[in-house]
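Student: sharing a model prediction with you, sequence too.
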Amino acid sequence: EQTGRTEMYVKAHFNYDPKKDSVIPCRDAGLAFKDGDILKVVNMEDSKWWQAAKVDGSGKTGIIPSLTLEEKRQAFVKPDLDHTQKSYLCGIVTKKKKKMLYQAKQNSEFDKYELAIYEEVTKLPPFHRKTLVLIGAQGVGRRTLKQFLLKAEPHRFGSVIPHTCRVKRLNEIDGNQYHFMDKELMEEEIQGNKFLEWGAYEGNYYGTKFESITNVTKQNKMCILDINPAALKGIKSGEFLPFIVFIAAPPVQIMRNMHEFARQRGKTNKIKTEEDFQKTLAESARIEKTYKAYFDCIIVNDNMDETYRKLRAEIDKLNADNQWVPVSWVY
Ligand code: 5GP
């Protein structure tokens, strides 16, 4: 198209049912869709109603709310942040919430609303994603999955070593678990956006540098990151070409069985209470609700080996299937 794009593909990030829409001029003319569906927008001349078609082969067409209309409607739905999220936002960390330090403070929770309506996408032939981002609640098994992948194919997968400014302990080797660096320099680099994510723990900073990721991808390895979801915005770009997988928590009963199984095989000696499992489940639900627009796929981890197989299959599929990606990765 020489004269500019006359059509556009979008990924919808909300469910739409014209039958329940009280403002649509004609309900029968509406096109129903679900969160995650890809739509071809063929006419955007009207400020309120666009004409669109499904790309799922069904041939269905109809009108859908325009971005402006839907933005106005969703603006009335205020984000319902609970207490924990509020303290996240302000960066307040109480002792009890130590575990939550694994976060990117520079990205506010509000960033997610950027993707809340339509995301412009384009279809690409199979290509290699540079990073594999595993998102999920603490204790849901992301670290284990990462270790499985690294061990199975060390030439294909890599991972990053975080930086910290805390004092090196006697038995520690620089570049093993951490790269150690000067506090002032680390502060400066955090300010200068050199870190994808960072957190403070007992007065010291910890974080992952963008440069560390590039060092892995330069070796043509897929860099596996098990980061906090708040860092998603920083990684979802054409530079890092991420494949973002959400590892969801299974029901408590299954989590309990999996943990018991791991304990019996000596894989962990942690004691977990009913409350721990409930917490993991609640955190998982919160992350999913807040960040689902970012996810390329969701796997419920109800069996570690099975989840690993599914994850491998999803990664392999990238080399075989066409992929819908944000237009910003291409243009
Ligand atoms: P330690 O000093 O005992 O090795 O680690 C203390 C804490 O630092 C960990 O429990 C973890 O919460 C945090 N931490 C370690 N690495 C990182 C990282 O890369 N990013 C962030 N945000 N926190 C980290």
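Tutor: Arrived safely.
Student: C-alpha only now, for contacts and for neighbours.
Tutor: OK.
Student: how about residues contacting the longest helix seen in the chain?
Tutor: Ranked by residue count and defined by DSSP state H, the top helix of the chain is helix 274-291. Residues outside helix 274-291 that contact it (CA atoms under 8 Å, 6 or more residues apart in numbering) are 112, 136-140, 229, 246, 248-252, 255-256.
Student: show the buried residues in these.
Tutor: 112, 136-140, 229, 246, 248-250, 252, 255-256 (16 or more other CA atoms under 10 Å).
Student: contacting the ligand as well, which ones from those residues?
Tutor: When the buried ones among the contacts of helix 274-291 are checked against the ligand using CA under 6 Å from any ligand atom, none falls in range.
Student: mind checking which of those residues land in helices?
Tutor: Checking the buried ones among the contacts of helix 274-291 against DSSP H, those in helices are 252, 255-256.
Student: between these, which sits nearest the ligand?
Tutor: residue 255 (22.2 Å; CA to the nearest ligand atom).
Student: now do the same contact list for that closest one.
Tutor: Residue 255 sits in contact with 249, 277, 302, where contact means CA under 8 Å, 6+ apart.
Student: how far away is it from residue 139?
Tutor: Distance, residue 255 to residue 139, using CA to CA, to the nearest Å: 10 Å.
Student: which single one of the contacts of helix 274-291 is nearest to residue 327?
Tutor: Nearest to residue 327 out of the contacts of helix 274-291 is residue 112 (CA to CA; 18.0 Å).
Student: and the pLDDT at that closest one?
Tutor: Per-residue pLDDT puts residue 112 at 42.
Student: where do the helices sit along the protein?
Tutor: Using DSSP H, helices in the chain cover 67-75, 83-90, 142-152, 183-191, 210-217, 232-235, 252-264, 274-291, 304-317.
Student: which one of these has the lowest average pLDDT?
Tutor: helix 83-90 (a mean of 32).
Student: how far off centre is stretch 267-282?
Tutor: Centroid separation between stretch 267-282 and its chain, computed with CA atoms, centre = their mean, to the nearest Å, is 23 Å.
Student: from one end of that stretch to the other, what's the distance?
Tutor: 24 Å.
Student: list the buried ones in it?
Tutor: Neighbour counts over stretch 267-282 (16+ other CA under 10 Å) mark 277, 279-281 as buried.
Student: still on that earlier bit, dump the contacts of residue 255 to CSV, plus distance to residue 191.
Tutor: What follows is the contacts of residue 255, written out as CSV (distance: CA to CA, whole Å):
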residue, distance to residue 191
249, 34
277, 36
302, 40
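Student: tell me the one of those residues nearest residue 326?
Tutor: Taking CA to CA as the measure, residue 326 lies nearest residue 249 of those, at 27.5 Å.
Student: return the alpha-carbon coordinates of stretch 177-184 using CSV.
Tutor: This file holds the C-alpha atoms of stretch 177-184, laid out as CSV (Å, rounded to 0.1, in the frame of the first residue of the first chain):
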residue,chain,number,x,y,z
GLN,A,177,25.2,-15.6,42.0
TYR,A,178,25.7,-11.8,41.6
HIS,A,179,27.9,-9.3,40.0
PHE,A,180,29.0,-7.0,42.8
MET,A,181,29.2,-3.3,42.2
ASP,A,182,29.7,0.0,43.9
LYS,A,183,26.5,1.5,45.5
GLU,A,184,26.9,5.0,44.0
